[in-house]
Each structure stands twice: as structure tokens, then as C-alpha cells.
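A.B. asks: let's see this in three dimensions:
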Amino acid sequence: MVFEGETLGMALRSTGKPLYVSPGHRTDLPFATRLVQSLLTEHRLPEPTYWADRLSRAAARALNDRPPP
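C.D. replies: Below is the predicted model of the structure:
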């Protein structure tokens, strides 16, 4: 992703849904890209993001399945 001549992010994976990477506070794009690539395993998302999503969805389901007070 380029905005006004500055590269702000990039897409990883050329097949399927792309995974967009952009730097955060006090990081640059090469570091952010290396970090995300090091965290990719068999899932589409980086491992910490995958588990955060999975656990939060399970917690939300558990709350929704409770009987009303």
C-alpha cells in the first residue's frame, strides 16, 4: 500500500485472502513483515491473532449460551 509516495503496508500471500501488514508504533515495515512471517504456521492468521480470535469467540458463545438470570 502506497500513499503519497510512502509505503505504508504490504500484502502477504498471493493466493487466497491476502494478509495485510503495516507497522505500528516505533516499528518499520520490514520489521513488521519479518515478525508476522515468523508467526505464521498452518493457519491463515499469525498464531497469536488466531488464538485470540478463537478464544474470544468461545467465550462469547459461552456467555450467549447461559440461561438468563
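
A.B. asks: now the strands for the chain?
C.D. replies: Secondary structure of the chain (DSSP state E): strands at 2-3, 6-7, 10-12, 19-21.

A.B. asks: looking at the ones you listed, which is buried most?
C.D. replies: strand 19-21 (a mean of 15; mean count of other C-beta atoms under 10 Å). For every residue, glycine as well, the C-beta is placed using N, CA and C.

A.B. asks: circling back: just put the strands of the chain in CSV and tack on distance to A52 and mean pLDDT.
C.D. replies: Putting these into CSV (distance: least, C-beta to C-beta, whole Å; pLDDT from 0 to 100) gives the following:
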stretch, distance to A52, mean pLDDT
strand 2-3, 28, 86
strand 6-7, 27, 88
strand 10-12, 19, 91
strand 19-21, 15, 93
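
A.B. asks: tabulate those strands (JSON lines), appending distance to A58.
C.D. replies: Below are these laid out as JSON lines (distance: least, C-beta to C-beta, whole Å):
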{"stretch": "strand 2-3", "distance to A58": "37"}
{"stretch": "strand 6-7", "distance to A58": "37"}
{"stretch": "strand 10-12", "distance to A58": "27"}
{"stretch": "strand 19-21", "distance to A58": "23"}
